[in-house]
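Visitor: Got a sequence here, can you build the structure:
(5 chains, ligands or ions: 8)
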Amino acid sequence: MTLTWSLIIVVGALLLAPLVGGVLRGLDRKLTARLQGRMGPPLAQPFYDFGKLVGKSHSVSSRASVAWAWAYFLLTLTAFTLFFLGQDLLVVFFILAFAGGALAFGAFSTRSPYARLGANRELLQMLAYEPILLLAAVAIYFQTGKFTVHSVLEAGEPLLLYLPLVFVAVLVALGIKMRKSPFDIAASEHAHQELVRGVYTEYSGRHLALIEIAHWYELVLLLAFIALFWAQPLWVGVLIALGAFFLEIWIDNIAARLRWSWMVGASWGVGITFIVANLVLLSVLA
Amino acid sequence: MQQVRVDRGADAFISPGALLKEVELLASEGVRFTTMVCLDVDQEFEIIYLFQRLTLDMVRIRVRISKDEELPSISSILLDAVLMENEIKEFFGVRITNLAIDFQCRMLLSAKSPQTPLLKVRPQSQSLGGGE
Amino acid sequence: MARVTFPFGPQHPVLPEAIQLQLTCEDERVVEVLPVIGYMHRGIEKAAEANLFPNNIFLCERICGICSFIHALCYCELMEGMMDVEVPPRAKHLRVVWSELSRIHSHMLWLGLLADSFGFESLFMQCWRAREIILDTLEMTTGQRVIQSSCVIGGVRRDINEDQEPDVRRKMDAFRKEINAIYPVFAKDYTVKSRTVGKGILPKEQAWSLGTVGPTLRGSGWDYDARTLGYAVYDDLGFEPIVEDGCDSYARMMVRLHEVVQSLELVIQALDRMPKGDLAVTVKTFPEGEGLIRVEQPRGELVEYARGNGTAYLERLKIRTPTFSNIPALLVMLPGCELADVPVITMSIDPCIACTER
Amino acid sequence: MPVMSTNLIKNFFSGPATRPYPVVKREPFPRARVRLVYDPDKCTYCGICANICPAAAITMEEDRENLRISRHYDSFACISCGRCAELCPQAALLMAVRTHEPSDAKVVEHSTSR
Amino acid sequence: MGFLKRARVKSPWILHYCTGGCNGCDIEILACLTPLYDVERFGMLNIGNPKHADILLITGPVNWKNRDVLKRLYDQTPDPKVVVAVGVCAATGGVFHNCVNTLGGVDKVIPVDVYVRGCAARPEAIIDGVVLALQKLEQKNSGGVAYATGTR
Ligand code: SF4
Ligand code: SF4
Ligand code: SF4
Ligand code: SF4
Ligand code: SF4
Ligand code: SF4
Ligand code: SF4
Ligand code: SF4
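Guide: Ligands and ions are numbered 1, 2, ... in the order given. Predicted coordinates:
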């Protein structure tokens, strides 16, 4: 691939991702509503929400929290850019971890106990899903011999055939990242919970909008990562990613929110054992 | 019929001094606290304690005190009476002593609310237990 | 993390009403609870002394909109008892129908809010959708959805006539289908169980001595329901209290779940046995002397005491609502639990602040 | 875990249960008791409604000089209990089924006897 | 700016606070969120956090203890915002008109934009009220940045 090509891809992805992310969120809300026997909001609802937040006055509870919100946004954007440049998966996930950290630190920098406990839980969530993502990257390395997205795209055979258990583990990480039941402990999009809005409690107006758009990038990034599991041809991967997305919505609607100890246990127990088992199996079979 | 028609004087009044003894006795029989009712009768308060037996029927004790008199709290024997005692103290200004938890007449009312709202006749001495 | 004190409420999305729980937490564990109440206090007992005594029906109903009918029923039965009024049998049966319908609506509401408190949104929606069938029935027969205003001293104001009865039965059948679909989710779902089983333990002994009532008491193994005392026509309907002995949030939930089904049967039974006749008798006397009554609300036993003096105004009306006696139990159940369990445990006593503080 | 699934599938395929309210207005139940309608031509200003109203939504005012009685009705205080409609000897009051529209100011209705 | 303006009425997030009513109106507000009335059709979410809210739905006659909480919630809500008083006791005190501990109406404490009548207010009436509130919201201007809110 030439440099111009990859630049075009990156810029295209950067421009398209909010659109795709927003539509996916809209689909999520619509579908959730339909599963609950409701009509639900229009598909464009996330964009309306975004527009409204941008147009609203906002209060700033600490300047640091604003800086951290921007840090979260920019770090997510960096991770996103690197991913679509075909760079190293490990770097991408590390930067994503920093982004999550920024969100938590933003909440820590306020005085609201809800935000602070939300931040605590956000860190716990990272503790739960980051190892999965990193180990998944390692597993990909074992399979393709490289850490880069490029190499995965160039690998002939779909990863899913070799790494099915890793795929399942990544689904768990996706559930946590999408803040869906049973993992929506730090903040939930919808149902009421004990921390009000957790880490978002102290953000309002355009800073909330900023965080929202960063979430869209994050969602697209994760789905793109899932699509990598069937990179040849890519459209199958995209379908698989969409399938995973709908599976998360389904699970959200058939489960209650569980506690953080359960979450960490499940993600480490299930996620990590699955990945390790997969690697062991591969080396035994190979 | 569960309607307990209480005619005046149907159950004996006991003196405030004998209250704790009586409640202790009931508590040892496994009776639990249900509620209490305070009535403002001229210069006196009439307080009705309602308890429930294990057989689920009710026991009543009535106490009459003058408005300046102190009333011992039964919350040391039956803890769940404490909320109702606080309420009576707050609403009537009954001088209840030895409360296990004393909300200082701020359980339901705030500093700006009208104080002792259920009191009809102010005592002559004006020395109410709480609120002011 | 050091100790943090959370003001849980008064405005908080998992608490439908204004109450503040000051939770002191170490990390995620609650070490101390201090409820701050009074955000809903209006002064109803005082206003009841200033109103004409028949008007207190409407005031009592608005102690709380959720068991509004049973509040009105309690007040009316108390006044009738004090004035020796004999209510026509048809009115008694109608009172049972509406009481049980409000019990179902209250329990469904609660089940939904419980689901909401552990983040099971689709289940919340499912419960509230089923509940609308009951609300429709109430609106169709009494004229309003939540505040029925249909009980008066001496009888009832509204009737379920012949054209409506089949419709009511049809609605009950529709509701039975809904509850049959909801029941297994609460009873069997893994995530629901993991959030409720063993949470908020209230030992049998303590349930008694702390003065708890209603499903909170029955969930701890006590066989006590004020309906067995037989007001309205409960003594003719072969009513048996529902008891569970798990002593935890799950047991309390199951009591309510079973009560929904039981109430449904009671409604049908009362409809089957409803005699023809008058709806109300005219009352010409004024209440005099003292009266005391116990009535079972969705949340437990309601105790009302009144003293009249032969005029149109009462001298005192004392209302001891169920949540008032259930709150001490919270202080036993909450310390030591995890913060994530606070909403579930708080909901498990079905706290109704509006009536606690009157 | 999947106990809820059957419900979800049913919900999804049976379509939303939503009443599309402002677009389609549901016919109220014939005996719904929502809004009080007053006919000043039938009213004799006897004052019964004002006496029994639990919310003091109806008040009467006597103008002794001109021998007139004014009646004020505050629909923003009326709790729709229907007591007044039940007791009005002239049937000048009636509970209607339509809901009130929202309003941005509180208005009290007045009427005066001749 | 056209989109931003339209977005404002398309995405009203509500905060619901009960200042001492009887719950009748509160459960009807909750009923509006559930399948039968589903106000999420209009993009409404019950957000539970004043900093994210656009519409305040207030029920109940306001008692002395609640007054300050209500004021604080109002101050914390960023502009533009509208206040809807749901139920007659939020308008005038309704049946609680002679209760000693009530102030009688939300408008005694904060400015109210829309009154919804009914005791309890029916979900239909609440939806109508919110629709009117949205029209008011459209006319309001967005405020600037407010630093350091909370306890002002
Ligand atoms: S308890 Fe209900 S009424 Fe009160 S603020 Fe919370 S959601 Fe609103
Ligand atoms: S117990 Fe609760 S629901 Fe029932 S009347 Fe009292 S406040 Fe309302
Ligand atoms: S706490 Fe009880 S009365 Fe209050 S909203 Fe919840 S269920 Fe209703
Ligand atoms: S009933 Fe009417 S006309 Fe008769 S005395 Fe009373 S107010 Fe006057
Ligand atoms: S006089 Fe009798 S009938 Fe008339 S309002 Fe008073 S109590 Fe009711
Ligand atoms: S309906 Fe009830 S509240 Fe309304 S005016 Fe008539 S008596 Fe008063
Ligand atoms: S009761 Fe009827 S006739 Fe009498 S004043 Fe009222 S509306 Fe008029
Ligand atoms: S308006 Fe009526 S139903 Fe609504 S909260 Fe007030 S008293 Fe309750």
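
Visitor: all strands in chain C, in order from the N-terminus.
Guide: Counting by DSSP state E, the segments of chain C that form strands are C:3-8, C:20-26, C:29-36, C:151-152, C:155-156, C:288-297, C:300-309, C:314-320.

Visitor: Need the nearest residue in space to C:A130, chain neighbours excluded.
Guide: C:E178 (3.7 Å; C-beta to C-beta, 6 or more residues apart in numbering or on different chains). Bear in mind the C-beta positions are built from the backbone N, C-alpha and C, glycine included.

Visitor: contacting residues for that neighbour?
Guide: Neighbouring residues of C:E178 by C-beta atoms under 8 Å, 6 or more residues apart in numbering or on different chains: C:Q126, C:R129, C:A130, C:I133.

Visitor: Return the per-residue confidence for the second one.
Guide: pLDDT recorded at C:R129 is 84.

Visitor: ditto for the last one
Guide: Per-residue confidence (pLDDT) for C:I133: 88.

Visitor: can you pull the contacts of the residue lying closest to it once chain neighbours are set aside?
Guide: Ranked by C-beta to C-beta, 6+ apart and with sequence neighbours excluded, the top spatial neighbour of C:I133 is C:F175, at 4.6 Å. Neighbouring residues of C:F175 by C-beta under 8 Å, 6+ apart: C:I104, C:A130, C:I133, C:I134, C:L264.

Visitor: coming back round to it: out of the contacts of C:E178, list just those in helices.
Guide: Mapping the contacts of C:E178 onto helices (DSSP state H) picks out C:Q126, C:R129, C:A130, C:I133.

Visitor: May I see the residues you listed arranged in a markdown table, with distance to C:K284 and neighbour count as well?
Guide: Shown next, in a markdown table, are the ones in helices among the contacts of C:E178 (distance: C-beta to C-beta, whole Å; neighbours: other C-beta atoms under 10 Å in any protein chain shown):
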| residue | distance to C:K284 | neighbour count |
| --- | --- | --- |
| C:Q126 | 49 | 28 |
| C:R129 | 46 | 24 |
| C:A130 | 43 | 24 |
| C:I133 | 40 | 23 |
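
Visitor: among those residues, which two are most distant?
Guide: Farthest pair in the ones in helices among the contacts of C:E178 (C-beta to C-beta) is C:Q126 and C:I133. Separation: 12.2 Å.

Visitor: circling back: mind putting the contacts of C:F175 in a markdown table, distance to ligand 6 included?
Guide: As requested, those are arranged in a markdown table below (distance: C-beta to the nearest ligand atom, whole Å):
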| residue | distance to ligand 6 |
| --- | --- |
| C:I104 | 27 |
| C:A130 | 31 |
| C:I133 | 27 |
| C:I134 | 24 |
| C:L264 | 32 |
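
Visitor: now, which of those residues sits nearest chain A?
Guide: The nearest member of these to chain A, counting by C-beta to the nearest C-beta, is C:A130 at 10.4 Å.

Visitor: Please tell me I have it right and that closest one contacts C:I179.
Guide: Yes: counting by C-beta atoms under 8 Å, C:A130 touches C:I179, with 6.4 Å between them.

Visitor: sorry, back to before: out of the strands of chain C, which is closest to A:G22?
Guide: Ranking the strands of chain C by distance to A:G22, with C-beta to C-beta as the measure, places strand C:3-8 first at 33.8 Å.

Visitor: pLDDT value on C:M274, please?
Guide: On pLDDT, C:M274 comes in at 82.

Visitor: With the one 4 residues further on instead?
Guide: Model confidence at C:D278, expressed as pLDDT, equals 80.

Visitor: In contact with it, which residues?
Guide: By C-beta under 8 Å, 6+ apart, C:D278 lies in contact with C:P88, C:R90, C:A91, C:G155.

Visitor: of those, buried ones?
Guide: Among the contacts of C:D278, those scoring as buried are C:P88, C:R90, C:A91, C:G155 (criterion: 16 or more other C-beta atoms under 10 Å in any protein chain shown).

Visitor: Now, those residues that are in helices?
Guide: The helices, defined by DSSP H, take in C:R90, C:A91 from the buried ones among the contacts of C:D278.

Visitor: Out of the contacts of C:F175, which are close to ligand 3?
Guide: When contact is defined as C-beta under 6 Å from any ligand atom, the contacts of C:F175 do not meet ligand 3 at all.

Visitor: what about residue 115, how many neighbours?
Guide: Going with chain A. 28 (other C-beta atoms under 10 Å in any protein chain shown).

Visitor: Oops, wrong one, chain E.
Guide: 29.

Visitor: Now it: phi and psi?
Guide: Main-chain dihedrals, E:Y115, degrees, to the nearest 10: phi -110, psi 130.

Visitor: cool, and the one 5 residues further on?
Guide: Comment: the main-chain dihedrals of E:A120 come out as phi -80, psi 150, following degrees, to the nearest 10.

Visitor: pLDDT wise, what is it at?
Guide: Note on E:A120: pLDDT of 80.

Visitor: Contacts only, for it.
Guide: Counting by C-beta under 8 Å, 6+ apart, E:A120 has contacts C:G65, C:Q144, C:R145, C:V146, C:I147, E:C22, E:G24, E:C25, E:I27, E:E28, E:G87.

Visitor: from the residues you listed, which ones fall inside helices?
Guide: Per DSSP H, the contacts of E:A120 map to helices at E:G24, E:C25, E:I27, E:E28.

Visitor: Please check those residues and keep the buried ones.
Guide: Neighbour counting by 16+ other C-beta under 10 Å classes E:G24, E:C25, E:I27, E:E28 among those as buried.

Visitor: Mind picking the two most distant members of these?
Guide: Greatest spatial distance among those (C-beta to C-beta): E:C25 and E:I27, at 7.6 Å.

Visitor: Quickly list what's touching both of these two.
Guide: Contact criterion C-beta under 8 Å, 6+ apart; residues shared by E:C25 and E:I27: C:G65, E:A120.
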